[in-house]
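> Turn this into a model:
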Amino acid sequence: MDPQAAHERVLFEKFMHDLTAGKPSRQGLLTPEAIELMPADAEALRRHLPVLDEMGFGISAFGQDTFIVDALPVHLQNGAPIVILSGIARALEKTGAAARATREALRETVAQAACRTSVKAKDSLSTGAIERLVEDLAKTEMPYTCPHGRPTLIFTSFTELNRKFGRS
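All right, here's what the predicted structure looks like:
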């Protein structure tokens, strides 16, 4: 199992489920965070503030390229706001203003957010965290790939393992 791809899938489906149900939960930050983006990213974010609010983000403009973040969607609460929002800004820019309201634009934005907040390959996970991840992945609609198409699991039979180790 690729923990990053698996975690992306889990976060993506939970976030999409909340969005399609019309009730994305927010997690308020203990201390609002000021983030400064590159000018193009800031402009993309500024144009899409209402969409981001509907997605569960608490963001307000604070100067030319600076924003104050006071809440994140609950499924993304462990991510760094600067990392999440710079990725989302690029995804929004890539899908274009005309596609802003389309499901594909929303899907790409959520996939990017899940990617930015998932565990990384270098992160060490406890046995309990791995077990929870496997259980959560089993509950998803598409447990075999991350939202971008990378495999989450690779199945190998004992026969194949034995053959690869020269034991057959």
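> so what's residue 15 up against?
Counting by C-beta atoms under 8 Å, 6 or more residues apart in numbering, residue 15 makes contact with 24, 73, 75, 76, 110, 113, 114. Quick note: C-beta positions are derived from backbone N, CA and C, even for glycine.
> Identify the bridge partners of the second one.
It stands for residue 73. residue 26 (DSSP bridges).
> Pretty sure it sits against residue 59.
No. Counting by C-beta atoms under 8 Å, residue 73 does not reach residue 59; the two are 11.3 Å apart.
> neighbour-wise, which of these two wins?
More crowded of residue 73 and residue 59, by other C-beta atoms under 10 Å: residue 73, with 25 against 22.
> got a pLDDT number for the more buried one?
At residue 73, the model reports a pLDDT of 87.
> Checking my notes, residue 31 in a strand, right?
Yes. The assignment for residue 31 is a strand, going by DSSP: H, G, I helix; E, B strand; the rest coil.
> how close does it get to residue 128?
Residue 31 sits 29 Å away from residue 128, going by C-beta to C-beta, to the nearest Å.
> Looking at the two, which one has more neighbours?
A side-by-side neighbour count of residue 31 and residue 128, using other C-beta under 10 Å, places residue 128 first with 8 against 5.
> Just the pLDDT for the more buried one.
We have a pLDDT of 92 for residue 128.
> list the buried ones in the one helix or strand it maps to?
Residue 128 belongs to helix 127-138 when elements are defined using DSSP states H and E. The neighbour-count check on helix 127-138 (16 or more other C-beta atoms under 10 Å) flags 133, 136, 137 as buried.
> Just the CA trace of the helix or strand just after that helix, in PDB.
Later in the chain than helix 127-138, the nearest helix or strand by DSSP H and E is helix 158-164. This file holds the C-alpha atoms of helix 158-164, laid out as PDB (Å, rounded to 0.1, in the frame of the first residue of the first chain):
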ATOM      1  CA  PHE A 158       2.300 -15.700  -2.300                       C
ATOM      2  CA  THR A 159       3.100 -17.600  -5.500                       C
ATOM      3  CA  GLU A 160       4.500 -14.500  -7.100                       C
ATOM      4  CA  LEU A 161       6.500 -13.600  -4.000                       C
ATOM      5  CA  ASN A 162       8.000 -17.100  -3.800                       C
ATOM      6  CA  ARG A 163       8.900 -16.900  -7.500                       C
ATOM      7  CA  LYS A 164      10.600 -13.500  -7.000                       C
END
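> With distance to residue 164 as extra columns, can I get the contacts of residue 15 in JSON lines?
Below are the contacts of residue 15 laid out as JSON lines (distance: C-beta to C-beta, whole Å):
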{"residue": "24", "distance to residue 164": "45"}
{"residue": "73", "distance to residue 164": "42"}
{"residue": "75", "distance to residue 164": "38"}
{"residue": "76", "distance to residue 164": "39"}
{"residue": "110", "distance to residue 164": "38"}
{"residue": "113", "distance to residue 164": "38"}
{"residue": "114", "distance to residue 164": "33"}
